[in-house]
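**Q** Give me a model of this one.
(chains A and B, ligands or ions: 3)
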Amino acid sequence: MRDWHPAVAAAEPSQKAERDPAAPLFGGVYRERFERILGRYPTKRAALLPVLHLAQEVRGWLAPETMTRVAELLDLTPAQVRAVASFYTMFNLKPVGSYLVQVCTNIACDLCGAGKVLERFLSETGTEPGAISADGRYTVVETECLGACGFATAVLINDRFYESVTPENVPALLAELP
Amino acid sequence: MTQPAAELVTVTIDGIAVQVPKAMTVIQAAEEAGIVIPRYCYHPAMSSPAQCRMCLVEVKGAPKLVPSCVQRVQDGMEVRTDSPAARKARRAVIEFLLVNHPLDCPICDAAGQCELQDYAFETGQLRTRSVDPKRVLGRDHVTPDVLYFADRCVLCTRCVRFMEEIAREPTLVVVQRGDRATIDTMAGELFEHPFSMNIVDVCPVGALVNEDFLFKPRAWDLDRFPSVCPGCAQGCNITLDTKENRVVRAKPRPHPEVNAFWMCDHGRKLLAGWVPGGERGERLEAPQIRDGDRLVAVSWPQALERAAEGLRQAGGPGRAIVSAAAANESLYALRKVMQALGFAGGAFRVPTGPTAVLEGFPKLQLRAERVPNAVGAALLGFRRSADLFADLRGRRGALLVLGDPLHDAPADFGRDAAFYLYAGSVASPAARNAHVLLPVTTFAEMDGTFTNFEGRVQRFTQALTPPGMARPAWVALSALSSRMGSGAMLDSAAEAFAALAAEFEPFRGMTYETLGFGGRITEAAEGAAAVTSGGK
Ligand code: SF4
Ligand code: SF4
Ligand code: FES
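**A** Ligands and ions are numbered 1, 2, ... in the order given. Take a look at the predicted model:
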């Protein structure tokens, strides 16, 4: 039995479908999801946040070209998209690795050794905080409270949530990633 | 207000009872009572996000302070803008705004006209309680003409809403959040818009400043004069800010039917640092008369005597060219000279340029006709000509020119005239062919009126001292016509306008007093507008 578990309610891990900035942003299944999002809101502008999440799911981060494309799709100006994207820390405005590892270092996790967990992630992936590992797979960052203080240390890898992570189980956790 | 039968309610603001329409907000009602509630995000022409919290007031019976910029009035409402609770709230807002503010008023362009400075002074906090170092963001251009000092910004978003709601080109936004939040464009690129400089006016502090004005005059050293922009047929109401007898900038003066709170960048650039003809060194400063090949400077009486005599000898019918940038009063005075010679007619031209519409207030347009008084000239009997010089060729007799600088005239312009009188402010080569040159003022150096595209007659006032011996054209020309037995010598612009109004039907009944500073629309304006837009 492993002593950490992916949260039951977690979303699927992000699919980095198309990282090439020149490729179409929403194709195939993403097109359908985009249309469905639009159908949920009274105006196109109101759909901006979920559409940005979708765009980030496809590209991994929100490049200026990506924001400009989203602006076109929603009849906004690129600046209006940037205003929203830059407000929220969950949007990546710089490129990240295929797996964005966010280690909570807020008070509860910190008391339970989050600093060591963070260090282990960095040494296992051979990166500096915020940098992309040489193989392009990982970016490791600190994050504020993930709301799982009862299960410190909490870690978020792309959209998947891990609780009770210790330095020891970091290698296994990384190995499980597809 | 807008509805004729708007329901009125009575509210009491700081003990002053006012009756106002039900749709008003407390901040507007307070203005009716003569009380200006401090505000940052509120602007009368734009939506109110109620985000700065500077306008909080105490309303009797309300559990908390309310933002007066969005709170509608209710009958019997009792508002206190200056109660201890309201003052305390303002003090707190100011304290927060100053946490990271560089307090660089001594080198800030807005000092002396800054709402942050005023209210900080009023709340009387001498030092900050914050012990952390201030964060520093720096400054950058947002347009080629406008600089953004991020550390002074209070994030009221007036500039953002101007671009979104009035210019309808949402290029400016708030990026980031918390103490890193700033105003920016998509990728920090500069944006351009024909009305962009209004963001400087709406900025309540010194965050957005005009680079042209940067570090030059201090606001308290400026003299301000109500005027009308001469840049196009729109006739925006403006103030000319002057220092040491120079226009240093033009600012819009609100007029609900002409320009709301705005003016275009073309007009501002035209007027900032305005030295008509001065740059070419061609400003005409003394009357001159021809002596063979030379022009000799003389006194006004000598010049007028010579002009009267020359014109009398040349006799009618003559030719006349006027500038559509000349005031109604000046055009009228030239008419009197023409009457003395027994001829009518006369032509003007209208330089044109690209137009630009302010989408959020579409009546305001940078008009194609780049002169302020084409309609006035048409109402006074002058005719728009598409090719002034071709039209005049081969006609002899007296030649009168008022105001047109003739920079593009043929070199021998006026040589064929029996007598050539030039009244203008610049002595271009073609003007130097004249027998008599009379130095006249520009619009900024005189009182007068322009008639804008819709026939609205609007007053402007003297902002600068004329150079040398220059006089308003209506002074010089009425002195000339009275010598020639046509009309009286006019003593003031008001008198000149009254004489004009008595003689020309479209202006009948108007006086400077009835015009006020809102202006009045002439009856025959539509016909005249058709004349001026008709080309030849
Ligand atoms: S730049 Fe001026 S107008 Fe714009 S948000 Fe800042 S303070 Fe307000
Ligand atoms: S629109 Fe015309 S009158 Fe108004 S500021 Fe511009 S140039 Fe001047
Ligand atoms: S002016 Fe009312 S909240 Fe800003």
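**Q** residues in contact with the residue in chain A that ligand 2 sits nearest to?
**A** Of chain A, the residue with the smallest distance to ligand 2, taken as Cβ to the nearest ligand atom, is residue A:77 at 24.5 Å. (Each C-beta comes from the backbone N, C-alpha and C, glycine too.) With contacts defined as Cβ atoms under 8 Å, 6 or more residues apart in numbering or on different chains, residue A:77 is in contact with A:71, B:169-171, B:186.
**Q** With distance to residue B:456 as new columns, can the residues you listed be given to me in a markdown table?
**A** Shown next, in a markdown table, are the contacts of residue A:77 (distance: Cβ to Cβ, whole Å):
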| residue | distance to residue B:456 |
| --- | --- |
| A:71 | 41 |
| B:169 | 28 |
| B:170 | 32 |
| B:171 | 32 |
| B:186 | 40 |
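**Q** between those, which is nearest residue B:416?
**A** residue B:169 (52.3 Å; Cβ to Cβ).
**Q** my guess is the closest one meets residue B:163, correct?
**A** Yes: counting by Cβ atoms under 8 Å, residue B:169 does reach residue B:163; the two are 5.9 Å apart.
**Q** if I look at these two, which residues touch both of them?
**A** residue B:193.
**Q** near chain B, anything from the host helix or strand of residue A:50?
**A** Element membership for residue A:50, per DSSP states H and E: helix A:48-59. No: on the criterion Cβ under 8 Å from any Cβ of the partner chain, helix A:48-59 is out of touch with chain B, staying 12.4 Å away.
**Q** Dump that helix to PDB, keeping only the CA atoms.
**A** Presented in PDB, the C-alpha positions along helix A:48-59 are these (Å, rounded to 0.1, in the frame of the first residue of the first chain):
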ATOM      1  CA  LEU A  48     -13.000  33.800 -20.800                       C
ATOM      2  CA  LEU A  49     -11.800  32.000 -17.700                       C
ATOM      3  CA  PRO A  50     -12.700  28.400 -18.700                       C
ATOM      4  CA  VAL A  51     -11.500  29.000 -22.200                       C
ATOM      5  CA  LEU A  52      -8.100  30.100 -20.900                       C
ATOM      6  CA  HIS A  53      -7.900  27.000 -18.800                       C
ATOM      7  CA  LEU A  54      -8.700  24.900 -21.900                       C
ATOM      8  CA  ALA A  55      -6.000  26.800 -23.800                       C
ATOM      9  CA  GLN A  56      -3.500  26.200 -21.100                       C
ATOM     10  CA  GLU A  57      -4.400  22.500 -21.100                       C
ATOM     11  CA  VAL A  58      -3.600  22.400 -24.800                       C
ATOM     12  CA  ARG A  59      -0.400  24.500 -24.800                       C
END
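**Q** The residue in the stretch 251-400 of chain B that ligand 1 sits nearest to: neighbour count?
**A** Nearest to ligand 1 in the stretch 251-400 of chain B, going by Cβ to the nearest ligand atom, is residue B:261, at a distance of 13.4 Å. Residue B:261: 21 surrounding residues under other Cβ atoms under 10 Å in any protein chain shown.
**Q** Check residue A:144 too.
**A** 10.
**Q** which phi and psi does it have?
**A** Residue A:144 has phi and psi values of phi -80, psi -180 when expressed as degrees, to the nearest 10.
**Q** Contact partners for it?
**A** By Cβ under 8 Å, 6+ apart, the contact set of residue A:144 is A:104, A:106.
**Q** If we use 6 Å, what do you get?
**A** Listed by Cβ atoms under 6 Å, 6 or more residues apart in numbering or on different chains, the contact set of residue A:144 reads residue A:106.
**Q** now swap in residue B:470 and tell me
**A** For residue B:470, the contact set (Cβ under 6 Å, 6+ apart) comprises B:439-441.
**Q** excluding its backbone neighbours, what's nearest it?
**A** Leaving aside its chain neighbours, residue B:470 sits nearest to residue B:439 (4.1 Å; criterion: Cβ to Cβ, 6 or more residues apart in numbering or on different chains).
**Q** Can you get me a residue count around the residue lying closest to residue B:313 once chain neighbours are set aside?
**A** Distance criterion Cβ to Cβ, 6+ apart; nearest residue to residue B:313, sequence neighbours excluded, is residue B:419 at 6.8 Å. By the criterion of other Cβ under 10 Å, residue B:419 has 24 neighbours.
**Q** again with residue B:23
**A** 14.
**Q** Provide a list of residues in contact with the residue lying closest to residue B:373 once chain neighbours are set aside.
**A** Spatial nearest neighbour of residue B:373, excluding adjacent residues (Cβ to Cβ, 6+ apart): residue B:450 at 4.4 Å. The neighbours of residue B:450, taking Cβ under 6 Å, 6+ apart as the test, are B:228, B:235, B:372-373, B:458.
**Q** before we move on, what about residue B:325?
**A** Listed by Cβ under 6 Å, 6+ apart, the contact partners of residue B:325 are B:230, B:371-372.
**Q** what about 8 Å?
**A** B:230, B:371-373, B:403, B:443.
**Q** Residue B:450 versus the residue of the stretch 251-400 of chain B closest to ligand 1, what's the distance?
**A** Going from residue B:261 to residue B:450 by Cβ to Cβ, to the nearest Å gives 20 Å.
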